[in-house]
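# this one's structure only:
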């Protein structure tokens, strides 16, 4: 069973993003979205390079042997970032494939007056939103679903 959150469903704004490795084996990479209503929404098993890149964007210093695209993007000229900022309206983590348990984010991009919605890997969309200062939202339905699963496994 799949479900897609549409415009009528309530979206909760992300006010803070943290990226880290869980401190116990298997040291799972996590992005934790702190929400305006005090709850949290977590993405587990995100790419490790995105965790490093988010922390670097937020001022942390990481020593890496080789850099990824995620490390290079913040270095791009301010004009390019401003163009992106003017076009990317928001990121919405709004879909869960219950068969694979993978989330999807929708990025709204304004192009010549039209709004284009692109489905993206949530960690990538969140990272891009962070480097250009776009707002991030999570569907309330997905937050409640995650809370139910977490509650059941305690």
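Received, thanks. This one's a predicted model, so the numbers in the text were calculated from it and none came from an experiment.

# Tell me where this structure has strands.
2-4, 11-21, 29-35, 40-44, 88-97, 102-111, 114-120, 135-139 (DSSP state E).

# So which of those strands is nearest residue 63?
strand 11-21 (15.4 Å; CB to CB). No exception for glycine: its C-beta is placed from N, CA and C like everyone else's.

# So what touches that closest one?
5, 27-37, 39, 41, 46, 48, 50-52, 54-55, 58, 92, 94, 126, 130, 135-140, 143 (CB atoms under 8 Å, 6 or more residues apart in numbering).

# Out of the residues you listed, which end up buried?
Among the contacts of strand 11-21, those scoring as buried are 5, 29-31, 33, 35, 41, 46, 50-52, 54-55, 92, 94, 126, 130, 136-140, 143 (criterion: 16 or more other CB atoms under 10 Å).

# And residue 53, how far from residue 69?
From residue 53 over to residue 69 the distance is 9 Å, taken as CB to CB, to the nearest Å.

# what do you get for residue 102?
21 Å.

# And residue 107, by the same measure?
For residue 107, the distance to residue 69 - CB to CB - is 17 Å.

# neighbour count winner among these two?
residue 107 (21 against 9; other CB atoms under 10 Å).

# The more buried one contacts residue 126, correct?
No. Taking contacts as CB atoms under 8 Å, residue 107 lies outside contact range of residue 126: 9.9 Å.
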